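1. heads up, no residue letters with this:
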DNA sequence: GTCTATAGCTGGATAGAC
DNA sequence: GTCTATCCAGCTATAGAC
């Protein structure tokens, strides 16, 4: 449990990862303005000058950080979509607050760092396309009329509702949230039936 | 059309407003990180020290700026809700990209300025309550079953969809947006009938 | 690879003249 | 009220020793 410092034996070449990990922790705990070269270096137990050695610039660090998280998210979503109940699984993934917090911070960052924006747009398209590829067939299998409810609209509804709910909840405001969640889950149930297993987040929570 | 400088006759005591206007312009054009004391002062044709004279701190400026805009928005929303077609009118108001951009910037700001967060939460509640007060009756009048579709859920759906669409559009990403808008407007039409008048934004646009 | 040291800039805030 | 001048802090980035 000793926090290893860089440059010691046994910790060779993962300074790069340590910097990314430190940046991610700061991003989640305090938001992107807290992700400065000095603080990232300090938190990683390394020198801030190394950020420029590994990533060229703060822009490079942010882009790399976003990519790493987005790739993980895509894999996680792909796994969820392969569940026997892809709608429930997708709802659970979207409803994860850590993921959403990350997303919101990068949306905000994208406003002012063109390099980040390009990355966010590219991965947004990949996320949505992946959802579409799987759910188009699944929803047709549920007997949903694609002319009336194009799959992409259900995807957007799920995504937008969970985003807004999590943003608001993060600020300590939740007027109407319970009703909204009840309605969403009722509609999922109408298509996909009752959840087979418990909500992963609940299952993971110690009783 | 001459940009007046502070301190000249005929422009007496509105330096305060000029500072707020400058801050707002910067916020909308470049996002909140561009709203610095120096730049606000410069843009307002005034001295940056005056920000501390009028608002005590940058925090004070942001809070005041948010309040001013939020009050205007509330009035605008109240007017929309009194329309003969309140759902169409609300959809139009929510769909306004300037307003939404403002909102998103302040959501982001709220993450790191507790004073701003408190303000955002308070006004969020007032917005939603105002929507509820009017639409609860209206929707009942349309014959909508409140047990199945509580009014607050429709309000949240409209709000969340327009927020996500505008965020994405702002980044140059709009996969599925057309389908989503078509579905939303179809559902509004089912409740409230065809729009009586053209979309205000379209009506305002020069041919 | 990792460090120290530092240049160069921009920010918020305040003191005090007018 | 409005300005100038200034303090102090924090940031990114780079040069160069080890």
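-> Looks like it came in fine. Just so we're clear, the structure is a prediction, and the values are computed from it rather than from any experiment.
2. Any part of stretch A:62-69 near chain B?
-> No. Stretch A:62-69 does not reach chain B (Cβ under 8 Å from any Cβ of the partner chain); its nearest approach is 13.1 Å. Glycine gets a C-beta too; all of them are placed from N, C-alpha and C.
3. near DNA strand D, anything from that stretch?
-> No. Stretch A:62-69 does not reach DNA strand D (Cβ under 7 Å from any atom of the strand); its nearest approach is 9.5 Å.
4. low pLDDT regions in chain A?
-> Along chain A, the parts satisfying pLDDT under 70 run over A:1-13, A:198-207.
5. what ranges do the helices span in it?
-> Secondary structure of chain A by DSSP state H: the helices cover A:15-30, A:37-44, A:49-55, A:58-81, A:86-94, A:97-110, A:114-141, A:151-171, A:177-192, A:200-204.
6. buried residues in the first one?
-> Under the neighbour-count criterion of 16 or more other Cβ atoms under 10 Å in any protein chain shown, helix A:15-30 has A:15, A:16, A:18, A:19, A:20, A:21, A:22, A:23, A:24, A:26, A:27 buried.
7. mind giving me the domain ranges of chain A?
-> Using automatic domain parsing, the domains assigned to chain A come out as A:10-55, A:58-195.
8. just to revisit the earlier point, let me have the helices of chain A in JSON lines, adding distance to residue B:119 as columns.
-> Shown next, in JSON lines, are these (distance: least, Cβ to Cβ, whole Å):
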{"stretch": "helix A:15-30", "distance to residue B:119": "20"}
{"stretch": "helix A:37-44", "distance to residue B:119": "27"}
{"stretch": "helix A:49-55", "distance to residue B:119": "35"}
{"stretch": "helix A:58-81", "distance to residue B:119": "28"}
{"stretch": "helix A:86-94", "distance to residue B:119": "28"}
{"stretch": "helix A:97-110", "distance to residue B:119": "18"}
{"stretch": "helix A:114-141", "distance to residue B:119": "27"}
{"stretch": "helix A:151-171", "distance to residue B:119": "11"}
{"stretch": "helix A:177-192", "distance to residue B:119": "20"}
{"stretch": "helix A:200-204", "distance to residue B:119": "31"}
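9. okay, how far is it across stretch A:42-50, tip to tip?
-> Start to finish, the residues bounding stretch A:42-50 are 11 Å apart (Cα to Cα, to the nearest Å).
10. Run through the residues that contact residue A:100.
-> Contact partners of residue A:100, counting by Cβ atoms under 8 Å, 6 or more residues apart in numbering or on different chains, are A:94, A:162, A:163, A:166, A:167.
11. List the residues that contact the fourth one.
-> When contacts are counted by Cβ under 8 Å, 6+ apart, residue A:166 touches A:95, A:97, A:100, A:101, A:104.
12. Find the nearest non-adjacent residue to the last one, please.
-> By that I understand residue A:104. Excluding its sequence neighbours, the residue lying closest to residue A:104 (Cβ to Cβ, 6 or more residues apart in numbering or on different chains) is residue A:167, at 6.2 Å.
13. That neighbour: how many residues sit nearby?
-> For residue A:167, the neighbour count with other Cβ atoms under 10 Å in any protein chain shown is 23.
14. Wait, it touches residue A:107, no?
-> No. Using Cβ atoms under 8 Å, residue A:167 is not in contact with residue A:107, being 10.1 Å away.
15. closest to residue B:137 out of the helices of chain A?
-> Across the helices of chain A, residue B:137 has its closest neighbour in helix A:177-192 (17.3 Å, Cβ to Cβ).
16. could you check the angle helix B:151-171 makes with the closest one?
-> Counting by axes from the mean of the first three to the mean of the last three Cα atoms, to 10 degrees, helix A:177-192 lies at 80 degrees to helix B:151-171.
17. How about residue A:70: what's its closest non-neighbour residue?
-> Spatial nearest neighbour of residue A:70, chain neighbours left out: residue A:123 (4.2 Å); criterion: Cβ to Cβ, 6+ apart.
18. Neighbours of that neighbour, how many?
-> Count around residue A:123 with other Cβ under 10 Å applied: 20.
19. tell me the contacts of it?
-> Contacts of residue A:123 by Cβ under 8 Å, 6+ apart are A:66, A:67, A:70, A:74.
20. any idea how far stretch A:44-58 is from the chain center?
-> In this view, stretch A:44-58 has its centroid 25 Å away from the chain centroid, taken as Cα atoms, centre = their mean, to the nearest Å.
21. do that stretch and DNA strand C meet?
-> Yes. Using Cβ under 7 Å from any atom of the strand, we find that stretch A:44-58 touches DNA strand C at A:46, A:47, A:49, A:50, A:53.
22. how close does the most centrally placed residue in chain A sit to DNA strand C?
-> Centroid check for chain A by Cα atoms, centre = their mean gives residue A:99 as the closest residue, at 2.9 Å. From residue A:99 over to DNA strand C the distance is 29 Å, taken as Cβ to the nearest atom of the strand, to the nearest Å.
23. Isn't that residue up against residue A:106?
-> No. Here residue A:99 does not reach residue A:106: they are 10.9 Å apart, not a contact under Cβ under 8 Å.
24. where does residue A:46 fall, phi/psi-wise?
-> Phi and psi for residue A:46, reported as degrees, to the nearest 10, are phi -130, psi -180.
25. meant to ask about residue A:149, not that
-> Torsion angles, degrees, to the nearest 10, at residue A:149: phi -120, psi 80.
26. Could you tell me which residues make contact with the nearest residue to it once chain neighbours are set aside?
-> Of all residues not flanking residue A:149 in the chain, residue B:183 sits nearest, at 7.0 Å (Cβ to Cβ, 6+ apart). Going by Cβ under 8 Å, 6+ apart, residue B:183 touches A:149, A:150, A:153.
27. Out of the helices of chain A, which is closest to residue B:114?
-> helix A:151-171 (10.4 Å).
28. so how many other residues sit close to the residue in chain A that DNA strand D sits nearest to?
-> Nearest to DNA strand D in chain A, going by Cβ to the nearest atom of the strand, is residue A:37, at a distance of 3.0 Å. Residues near residue A:37, counting by other Cβ under 10 Å, number 19.
29. The residue lying closest to it once chain neighbours are set aside: how many residues sit nearby?
-> Among residues not flanking residue A:37 along the chain, residue A:48 sits closest, at 4.4 Å (Cβ to Cβ, 6+ apart). Residues near residue A:48, counting by other Cβ under 10 Å, number 15.
30. Residue A:48 and residue A:41 touch, don't they?
-> Yes. Counting by Cβ under 8 Å, residue A:41 is a contact partner of residue A:48 at 3.2 Å.
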